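In: Turn this into a model:
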Amino acid sequence: MHLISSPVDWYAVRAGGVVAYLLLSVVISLGLALAGKKQLRRWPRFAVEDVHRFGGLLVGLFVAIHVAATALDSFLPFSVVQLTVPFTSAYRPLWVGLGIVAAELLLALAVTNRYRKRLPGRLWRRAHYVNFAVWAAATAHGLGSGTDRSAPWLVAIYALATGTVAGLIAMRALRARGLVRPARPAGLALGAGAAALIAAVVLGPAHSQTKPWNAKTFTDRLAGRILVDSGATEGIVSMSGQGRGEQRVLVRADLLLKPDRIDRTSLQLEFLPSGLVCRGAVTQVHSFSFRGSCRLPDGSSRIVSARWHATGDGQGLAGTLSAHV
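Out: Prediction:
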């Protein structure tokens, strides 16, 4: 029995969010680079409007994938309210809330674009500046809540995107004031500074220690329930729980007991968020503990032990879960 839905959900959450952010940064950069009457005369109409509109649609598609995969994923379950109302999430509420704000502002912009011809031109142009708020909120969301935010490849993406957008904003602002000649070197300098600042913050004070992936050795807090306990001269005992610590895992043990021996057992350990499953059997059992071994698909094995005490109605349990090679 697989204990969670699918690790594909977890990968889809991450991939959808990263691709959406990349596309949003490209759309914002194109909008800044192609803005102004001089640029409009230089480029064909489709490059300025149609490509920009198509890019926005792609951003919306990948944001939808990101949100839908988050709703389906069981590693960090979110309710409908937590996915739609900013700052109500139990998981990093500020940073997740900023992501929700960005998504909802993006939806509002899509509505204004749909009815652009019916809106006053000045109102539409002012509403269009909300794109910068969407991009800023999305950047903060990724830096604050992303599980890979301190990975070198993702730091490079955020630094490059931030530097590009900041540099283009500076160049556009200077050109609007007639300072055409210093616009490019000032934009490059500001962009490089912004990129360096993002990298320094993410790798410094905001650095996130990456949790182990399918760790060979760990000891975590255990919380769970006794699912079945017939308790007679011959009985079935079944428990399930979750290890909450550096290496998140799900565990389940099923035992068929006789008065003088364990008749049959099964043990399953699932690593989160990868979904890797280790299957085996319990070899020793006591009133509130067990020890067993399991084997991974690659042939390697883990020695698993759990110790707990009863909580709540007597069906709950809390204790420790550990594994080693």
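
In: quick one: least confident helix or strand in this structure?
Out: Across the helices and strands of the chain, mean confidence by mean pLDDT, DSSP states H and E is lowest for helix 37-42: a mean of 55.

In: Can you show me the helices along the stretch 101-250 of the chain?
Out: Shown for the stretch 101-250 of the chain, the helices assigned by DSSP state H, counting those that start in this stretch span residues 121-128, 130-145, 152-176, 183-203.

In: Go through those and name the closest to residue 103.
Out: When those are compared for distance to residue 103 using Cβ to Cβ, the nearest one is helix 130-145, at 8.4 Å. Where C-beta positions appear, they are placed from N, C-alpha and C, glycine not excepted.

In: Can you tell me what sits against the closest one?
Out: Surrounding helix 130-145, the residues in contact under the criterion Cβ atoms under 8 Å, 6 or more residues apart in numbering are 17-18, 20-21, 24-25, 27-28, 31, 91-92, 94-96, 98-99, 101-102, 105-106, 108-109, 149, 154, 158, 161-162, 165, 169, 198, 201-202, 206.

In: pLDDT weak spots in the stretch 51-200 of the chain?
Out: Of all residues in the stretch 51-200 of the chain, those with pLDDT under 70 make up the ranges 74-75.

In: hmm, 80 instead?
Out: Across the stretch 51-200 of the chain, the ranges flagged by pLDDT under 80 are 51-52, 73-77, 121, 124-125, 146-150.

In: before we move on, what about the stretch 201-325 of the chain?
Out: The stretch 201-325 of the chain contains residues with pLDDT under 80 at 205-213, 227-237, 246, 256-264, 273, 287, 312-315.

In: which parts of stretch 150-157 are buried?
Out: Along stretch 150-157, these residues count as buried under the neighbour rule (16 or more other Cβ atoms under 10 Å): 150, 154, 155, 157.

In: mind checking how far the last one is from residue 19?
Out: So the one you mean is residue 157. In this structure, residue 157 and residue 19 are 10 Å apart, going by Cβ to Cβ, to the nearest Å.

In: Ok, the third one next?
Out: Residue 155 sits 17 Å away from residue 19, going by Cβ to Cβ.

In: again, but for the first one
Out: Taking Cβ to Cβ as the criterion, residue 150 is separated from residue 19 by 19 Å.

In: Also residue 280?
Out: Shown here: residue 280 relative to residue 19, a distance of 38 Å by Cβ to Cβ.

In: Out of those two, name the residue with the larger neighbour count.
Out: residue 280 (20 against 17; other Cβ atoms under 10 Å).

In: Buried residues in the strand or helix carrying the more buried one, which are they?
Out: Assigned by DSSP states H and E, residue 280 belongs to strand 277-286. If you call a residue buried by 16+ other Cβ under 10 Å, then strand 277-286 has these buried ones: 277, 278, 280, 281, 282, 285.

In: Show me what it is packed up against.
Out: Here strand 277-286 is seen to pack against strand 249-258, strand 261-271, strand 289-295, strand 301-311 when contacts are counted using 3 or more Cβ pairs under 8 Å, 6 or more residues apart in numbering; DSSP states H and E.

In: Include mean neighbour count and distance to residue 9 when you put the ones you listed into JSON lines, please.
Out: What follows is the helices and strands packed on strand 277-286, written out as JSON lines (neighbours: other Cβ atoms under 10 Å; distance: least, Cβ to Cβ, whole Å):
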{"stretch": "strand 249-258", "mean neighbour count": "20", "distance to residue 9": "15"}
{"stretch": "strand 261-271", "mean neighbour count": "18", "distance to residue 9": "14"}
{"stretch": "strand 289-295", "mean neighbour count": "18", "distance to residue 9": "23"}
{"stretch": "strand 301-311", "mean neighbour count": "17", "distance to residue 9": "24"}
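
In: Nearest to residue 56 among these would be which one?
Out: Of all the helices and strands packed on strand 277-286, it is strand 261-271 that lies closest to residue 56, at 38.1 Å by Cβ to Cβ.

In: Work out the gap between the closest one and the centre of the chain.
Out: The gap between where strand 261-271 is centred and where its chain is centred comes out at 32 Å by Cα atoms, centre = their mean, to the nearest Å.

In: How about stretch 294-311?
Out: For stretch 294-311, the gap between its own C-alpha mean and the chain's C-alpha mean amounts to 27 Å (Cα atoms, centre = their mean).

In: Using CSV, write out the CA atom coordinates for it.
Out: Extracted in CSV, the C-alpha atoms of stretch 294-311 (Å, rounded to 0.1, in the frame of the first residue of the first chain):
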residue,chain,number,x,y,z
CYS,A,294,13.2,-3.1,4.9
ARG,A,295,14.7,-3.1,1.4
LEU,A,296,14.7,-0.3,-1.2
PRO,A,297,14.1,-0.8,-4.9
ASP,A,298,17.9,-0.4,-5.5
GLY,A,299,18.6,-3.3,-3.2
SER,A,300,20.0,-1.3,-0.3
SER,A,301,18.4,-1.8,3.2
ARG,A,302,17.5,0.1,6.3
ILE,A,303,17.2,-1.0,9.9
VAL,A,304,14.1,0.7,11.4
SER,A,305,13.1,1.0,15.0
ALA,A,306,10.2,2.8,16.7
ARG,A,307,9.4,3.5,20.3
TRP,A,308,6.3,5.3,21.5
HIS,A,309,3.7,5.9,24.3
ALA,A,310,0.0,6.2,24.1
THR,A,311,-1.7,9.6,23.7
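
In: Brilliant, that's me finished.
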